[in-house]
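Asker: whatever this is, show me its structure:
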Amino acid sequence: MANLARMMFFSPEKRLANAINIFVITTLFYFFGASLRLIDELSLFWPLNAVLAAIFVRSPFLNRPIYYFLCYSAMILYDAFTTHWGWQSAIINLSNMMFIIIVARLLLRYSRTQDESNWALNAFNLFYACLIGAVLSSLLGSVGSTGPSSDYRQFLSLFADWFSEQFSTGVLMMPFLLMAKWPQWDKLPAFQLSKIYPLVAVIVSVMASVVIGGAGSLAFPLPALIWCAIRYPLPITALITFLTGGTEIILVANSIVVIHQNQPLMVTEMFSARLGIATMAICPLIVSVSVDAINRLIQQTSLRADYDYLTGVYSRSGLYEALKTKIPLKHLPKQKLCVMLLDIDYFKRINDSFGHECGDVVLASFAAQVRKVVGEDGLVARLGGEEFVVACSTCSEEKGLAIAEKIRQTIELTAFRYQQQSLFITVSIGLATATPEKQTLHDAFNSLLAEADKYLYLSKRNGRNQTSTSRITQQDMAASI
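Answerer: As a prediction, this is how the structure comes out:
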């Protein structure tokens, strides 16, 4: 939401700038739509209403009578200098404002109960909002243009053309407008030829609709658009869908895609073509929304499987996955794999004395301190309860012992806060180190974990709050310092 607001220079504090920008944008898009007029007041494409509705949705602070009035004034002034409609201009442009306000208000009302990632991309709500806005604005515009004494057939023809244009333009344009944001060029993936295949398929299908013709040819791009929905991000899919639908409407209006051979294009056929194209455009958006939701669910499931929900460190399964990708990057030949098994001393007393909520706070704070000490040099995981493991690649066993001792000393000196109380804890550590040679990293880790468990038991038996390892004792380390 903020991206487009900044792009259009809209800000709650800059009211004068907002007013100027609203007036200029209305005039520019009014000019563009007027240049596409086919018959009298109606245009082949009228993007102004969709653009303004999207701006009012993405910048809710603009939904004030003064900004609505500025939009309406810009429309009236443009018609005053370029047409001779007189009072009809007031009715026609009032119908434009009706579509803008209704669609914006409906989407904003829905957004109060949904986060932006849901409401801005929800094709069904956009479909219904554009449908309601198009029906009401077209009724007002048709009645105002034809007058009460006109032939009902003229009214129906005008209403059908007006409604189909408003509805199709809104459905085609607004999904992209609601999701548009500045591209992050530094995060764009590397170009791959296979990535453009869905886009090529869309182009080929549109060309096939021109060659074959007939009403059914309008649906030719649908499979390719669904392919785009599966392969591309949602904003890209929305843009491709908008361009495809707009292209088809232009091709039908100019009889390049011929619906009936040897017959001129009828208003009812244009009405049907627009509605069919707009309805078709919803399908790839629904697929894209569904794919995006599935990807998010997979990501959340993966996070829950790979990370401990309480402490934020790796879970046991997540640690094994991380060993495949993160440790090998630093595990050079002759480097040693160090596995440290950590157990908080007398943790049960904390739960018994202060409650499990306090225990959870201590566990989360303990994990944060361990991660801070280890940094990027190793992996931290929670195996269960108050037991944690650290895996890192070091040049020597002494280096691994130094990391373990730094963890132990940091925990010993840290005051853990809970409800204005300071709690001090200690940790016992078992350390095992080896140089994986013929073993896989996974097998080496499992062997070292079992060995570290033995040394952890030794640390507890010898009085806790110490690190035990095979070759270098804690006393030797202190003496060397």
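
Asker: T244 contacts V206, correct?
Answerer: Yes - T244 lies in contact with V206 (CB atoms under 8 Å); the separation is 6.5 Å. Where C-beta positions appear, they are placed from N, C-alpha and C, glycine not excepted.

Asker: what sits in contact with each of these two?
Answerer: P221 (CB atoms under 8 Å, 6 or more residues apart in numbering).

Asker: and the two? Which one has more around it.
Answerer: Per other CB atoms under 10 Å, whichever of T244 and V206 has more neighbours is T244, with 25 against 20.

Asker: mind telling me what element Y457 is part of?
Answerer: In this structure, Y457 sits in helix 441-461 according to DSSP states H and E.

Asker: how far does that helix sit from its chain's centre?
Answerer: Distance of helix 441-461 from its chain centroid, counting by CA atoms, centre = their mean, to the nearest Å, is 43 Å.

Asker: starting at the chain centroid, how far to the host helix or strand of A238?
Answerer: A238 belongs to helix 234-253 when assigned by DSSP H and E. The chain centroid and the centroid of helix 234-253 are separated by 22 Å under CA atoms, centre = their mean.

Asker: got the CA positions of that helix in PDB?
Answerer: Provided in PDB are the C-alpha atoms of helix 234-253 (Å, rounded to 0.1, in the frame of the first residue of the first chain):
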ATOM      1  CA  LEU A 234       0.800 -12.800  -8.300                       C
ATOM      2  CA  PRO A 235       1.600  -9.100  -9.400                       C
ATOM      3  CA  ILE A 236       3.100 -10.400 -12.700                       C
ATOM      4  CA  THR A 237       0.200 -12.700 -13.300                       C
ATOM      5  CA  ALA A 238      -2.200  -9.700 -12.700                       C
ATOM      6  CA  LEU A 239      -0.300  -7.600 -15.200                       C
ATOM      7  CA  ILE A 240      -0.200 -10.300 -17.900                       C
ATOM      8  CA  THR A 241      -3.900 -10.900 -17.400                       C
ATOM      9  CA  PHE A 242      -4.700  -7.200 -17.700                       C
ATOM     10  CA  LEU A 243      -2.700  -6.800 -20.900                       C
ATOM     11  CA  THR A 244      -4.200 -10.000 -22.400                       C
ATOM     12  CA  GLY A 245      -7.800  -9.000 -21.600                       C
ATOM     13  CA  GLY A 246      -7.300  -5.500 -22.800                       C
ATOM     14  CA  THR A 247      -5.700  -6.700 -26.100                       C
ATOM     15  CA  GLU A 248      -8.600  -9.000 -26.700                       C
ATOM     16  CA  ILE A 249     -11.200  -6.300 -26.200                       C
ATOM     17  CA  ILE A 250      -9.300  -4.000 -28.600                       C
ATOM     18  CA  LEU A 251      -9.100  -6.800 -31.200                       C
ATOM     19  CA  VAL A 252     -12.800  -7.600 -31.000                       C
ATOM     20  CA  ALA A 253     -13.800  -3.900 -31.100                       C
END
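
Asker: give me the helices and strands touching the next helix or strand along the chain from that helix, please.
Answerer: Using DSSP H and E, the helix or strand that directly follows helix 234-253 along the chain is helix 267-306. Judged by 3 or more CB pairs under 8 Å, 6 or more residues apart in numbering; DSSP states H and E, the packing partners of helix 267-306 are helix 123-146, helix 152-179, helix 221-231, helix 234-253, helix 316-325.

Asker: could you export the ones you listed as a markdown table, including distance to S95 and mean pLDDT?
Answerer: Below are the helices and strands packed on helix 267-306 laid out as a markdown table (distance: least, CB to CB, whole Å; pLDDT from 0 to 100):
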| stretch | distance to S95 | mean pLDDT |
| --- | --- | --- |
| helix 123-146 | 3 | 84 |
| helix 152-179 | 8 | 84 |
| helix 221-231 | 31 | 90 |
| helix 234-253 | 20 | 86 |
| helix 316-325 | 57 | 82 |
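
Asker: out of these, which comes closest to L48?
Answerer: helix 152-179 (9.1 Å; CB to CB).

Asker: which helices and strands sit right next to that closest one?
Answerer: strand 42-43, helix 47-58, helix 87-111, helix 123-146, helix 234-253, helix 267-306.

Asker: one step back: looking at the helices and strands packed on helix 267-306, which is nearest to D343?
Answerer: D343 sits nearest to helix 316-325 of all those, at 15.2 Å, using CB to CB.

Asker: and the helix holding Y457, C-alpha only, in PDB?
Answerer: C-alpha atoms of helix 441-461 as PDB (Å, rounded to 0.1, in the frame of the first residue of the first chain):
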ATOM      1  CA  LEU A 441      28.600 -35.100   8.100                       C
ATOM      2  CA  HIS A 442      25.300 -36.600   9.200                       C
ATOM      3  CA  ASP A 443      26.900 -39.800  10.500                       C
ATOM      4  CA  ALA A 444      29.800 -37.800  12.100                       C
ATOM      5  CA  PHE A 445      27.300 -35.600  13.900                       C
ATOM      6  CA  ASN A 446      25.300 -38.500  15.300                       C
ATOM      7  CA  SER A 447      28.500 -40.200  16.600                       C
ATOM      8  CA  LEU A 448      29.700 -37.000  18.200                       C
ATOM      9  CA  LEU A 449      26.300 -36.300  19.700                       C
ATOM     10  CA  ALA A 450      26.400 -39.700  21.500                       C
ATOM     11  CA  GLU A 451      29.900 -38.900  22.700                       C
ATOM     12  CA  ALA A 452      29.000 -35.400  23.900                       C
ATOM     13  CA  ASP A 453      26.100 -36.900  25.900                       C
ATOM     14  CA  LYS A 454      28.600 -38.900  27.900                       C
ATOM     15  CA  TYR A 455      30.700 -35.900  28.600                       C
ATOM     16  CA  LEU A 456      27.600 -33.900  29.600                       C
ATOM     17  CA  TYR A 457      26.800 -36.600  32.200                       C
ATOM     18  CA  LEU A 458      30.400 -36.200  33.400                       C
ATOM     19  CA  SER A 459      29.900 -32.500  33.800                       C
ATOM     20  CA  LYS A 460      26.800 -33.000  35.900                       C
ATOM     21  CA  ARG A 461      28.400 -35.700  38.000                       C
END
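
Asker: how many neighbours does L323 have?
Answerer: 21.

Asker: does it really touch A381, like I thought?
Answerer: No - applying CB under 8 Å as the test, L323 and A381 come out as separate, 9.8 Å apart.
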